[in-house]
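Student: Could you look at this predicted model? Sequence included:
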There are 4 protein chains.
Amino acid sequence: MTELEALADRLRRFAQDRDWEQFHTPKNLAMALAGEVGELLSELQWLTPEETANVMDDPEAAKRLRSELADVTIYLTRLADVLGVDLVDVAHTKLDQSEKRYTVEAYRGSARKAPPLV
Amino acid sequence: MTELEALADRLRRFAQDRDWEQFHTPKNLAMALAGEVGELLSELQWLTPEETANVMDDPEAAKRLRSELADVTIYLTRLADVLGVDLVDVAHTKLDQSEKRYTVEAYRGSARKAPPLV
Amino acid sequence: MTELEALADRLRRFAQDRDWEQFHTPKNLAMALAGEVGELLSELQWLTPEETANVMDDPEAAKRLRSELADVTIYLTRLADVLGVDLVDVAHTKLDQSEKRYTVEAYRGSARKAPPLV
Amino acid sequence: MTELEALADRLRRFAQDRDWEQFHTPKNLAMALAGEVGELLSELQWLTPEETANVMDDPEAAKRLRSELADVTIYLTRLADVLGVDLVDVAHTKLDQSEKRYTVEAYRGSARKAPPLV
């Protein structure tokens, strides 16, 4: 069992134990995911990009960011479990496409030519 | 190496090969993550919660959802790598807290008493 | 002066008085807007669509929703002011297009044929 | 009738004419709003804050931003109409609080002391 499968299992049991599976529709979980991403943005919104590159040097900010990333990971993992999607598998499939679409030769150094990664 | 570490490695090389690391500040990556979550919401916004529970039965919708989940996973993994955060580790730490905070006895069956999971 | 112009004026003075204009780049304000929309989602995520249709009957929920809608309006108005965009004007221009694109004859009653409104 | 009331009226008729009011629950509209804000973020994510300050000088980028701001305004106005909330009114009420909370004396020049505006 991979580490993400183990996390998904723990989340499924957590929901089952509290009879919360009824609330965990893809629609609701996607909203919860978006809400947590909104909190993540709040931590970074007034900092410059350069300041955010060093944000983990601040212990208080680092603690809040780890907490927000945990929340995002939890809802994303739960959503994928409910939908029956293997997140790492679909990510690699998408990257196979991105590597062909954004060739090193054509895109090196330019973010404006295309959105990086996907 | 875990599957998420391998994915993070691939993403890091992808960015290095295109000289795109300069764009991958936590601020920018968090915005890209939020943008992809927005696209995920768009797939589910007009469906009822019940319809979304069966959304993967529709091959076209399933394909789009896998693609959006891939994009979200990619930016979340890249952001965590840049920040030096182990996503599965922080998720388990958060769940340790949630299991104490939302005891089975007090919260069973109620979503309104507290936001589930985190 | 329209009511949105008056609100934009008040926000501009608020920022000037605190020397906060330096933080109010379009990038930062868009992130703040997204963060506030995330809080709005949090208020509605575990309710059914039907429950959300009556959510203002609950005084506490109504108070929180008015507060979140205020925050969203404030950042959207400030962002538009910084970009020099008249929100109501661009909305009407978009609706001119939507009315032609989603004709009553072709789209009546179906949300799946096209995303409503825009 | 204010300009926002007139816009809300037009949106209500647009939905009524297509029998789309059934889809316009607060839950669905909040998701649609978040999806459009995600598209707005996508326009700004790879630019530096300084570049976004001048983004309207680029006619193509300006056109896309006006279109995204229109979409956000449309869903926010429609959501507020369905909830019976006067956006400008609640924004001024929130600003009354912010002016007391973030006094000019205590907060001048610092974004880190408190989140600006709200």
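Tutor: Happy to help now that I have it. Source: prediction; values computed, not measured.
Student: Only C-alpha atoms from now on, for both contacts and neighbour counts.
Tutor: Will do.
Student: In the one helix or strand in chain A whose mean pLDDT sits lowest, which residues are buried?
Tutor: Averaged element by element with mean pLDDT, DSSP states H and E, chain A has its least confident helix or strand at helix A:104-107 (a mean of 90). Buried residues in helix A:104-107, counting neighbours by 16 or more other CA atoms under 10 Å in any protein chain shown, are found at A:104, A:107.
Student: starting at the chain centroid, how far to that helix?
Tutor: 27 Å (CA atoms, centre = their mean, to the nearest Å).
Student: Is that helix positioned near chain D?
Tutor: No: residues of helix A:104-107 contacting chain D under CA under 8 Å from any CA of the partner chain: none, with a closest distance of 14.4 Å.
Student: before we move on, what about stretch A:14-27?
Tutor: No: contact of stretch A:14-27 with chain D (CA under 8 Å from any CA) is absent, the minimum separation being 9.2 Å.
Student: What's the end-to-end length of that stretch?
Tutor: End-to-end span of stretch A:14-27 (CA to CA, to the nearest Å): 19 Å.
Student: Show me which residues of it are buried.
Tutor: A:14-15, A:17-21, A:23-27.
Student: Now the residue lying closest to residue A:21 once chain neighbours are set aside: which helix or strand?
Tutor: Excluding its sequence neighbours, the residue lying closest to residue A:21 (CA to CA, 6 or more residues apart in numbering or on different chains) is residue A:15, at 5.4 Å. Per DSSP states H and E, residue A:15 falls inside helix A:3-17.
Student: domain assignment for chain A?
Tutor: As given by automatic domain parsing, the domain ranges for chain A are A:3-85, A:86-118.
Student: Let's have these in a markdown table, adding distance to residue B:10.
Tutor: A markdown table is the format used below for the domains of chain A (distance: least, CA to CA, whole Å):
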| stretch | distance to residue B:10 |
| --- | --- |
| domain A:3-85 | 18 |
| domain A:86-118 | 9 |
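Student: returning to that earlier point: alpha carbons only: can I get the least confident helix or strand of chain A in CSV?
Tutor: Written as CSV, here are the backbone C-alpha positions of helix A:104-107 (Å, rounded to 0.1, in the frame of the first residue of the first chain):
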residue,chain,number,x,y,z
VAL,A,104,12.6,22.2,-23.7
GLU,A,105,13.7,23.7,-27.1
ALA,A,106,10.6,25.8,-27.6
TYR,A,107,9.8,26.9,-24.1
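Student: hmm, back to that, which other helices and strands contact the helix holding residue A:15?
Tutor: Helices and strands touching helix A:3-17, by 3 or more CA pairs under 8 Å, 6 or more residues apart in numbering or on different chains; DSSP states H and E, are helix A:59-83, helix B:87-101.
Student: ok, and for the longest one, which residues are buried?
Tutor: When you say that, I think you mean helix A:59-83. Buried, per 16+ other CA under 10 Å, within helix A:59-83: A:62, A:65-83.
Student: give me phi/psi at the closest residue to residue A:53 other than its chain neighbours?
Tutor: Spatially, and ignoring its direct neighbours in sequence, residue A:53 is nearest to residue B:25 (5.6 Å; CA to CA, 6+ apart). With angles defined as degrees, to the nearest 10, residue B:25 sits at phi -80, psi 160.
Student: And the one 4 residues further on, by the same measure?
Tutor: Backbone torsions for residue B:29, taken as degrees, to the nearest 10, come to phi -70, psi -40.
Student: was I right about it contacting residue B:75?
Tutor: Yes: in this structure, residue B:29 is within contact of residue B:75 by CA atoms under 8 Å, at 6.3 Å.
Student: circling back: the residue nearest to residue A:21 and residue C:52, how far apart?
Tutor: Taken as CA to CA, the span from residue A:15 to residue C:52 is 23 Å.
Student: what's the answer for residue A:85, then?
Tutor: In terms of CA to CA, residue A:85 sits 29 Å off from residue C:52.
Student: quick one: stretch A:4-18 to chain centroid distance?
Tutor: For stretch A:4-18, the distance to the chain centre is 18 Å (CA atoms, centre = their mean).
Student: residues contacting the residue of chain A positioned farthest from its centre?
Tutor: Using CA atoms, centre = their mean, the residue of chain A lying farthest from its centre is residue A:105. It sits 29.0 Å away. If you count contacts by CA atoms under 8 Å, 6 or more residues apart in numbering or on different chains, residue A:105 has none.
Student: And it, how close does it get to residue B:19?
Tutor: Distance of residue A:105 to residue B:19, given as CA to CA: 11 Å.
Student: quick one on the thing from earlier: mind telling me which of the domains of chain A the model trusts least?
Tutor: Here the lowest mean pLDDT among the domains of chain A goes to domain A:86-118, at a mean of 86.
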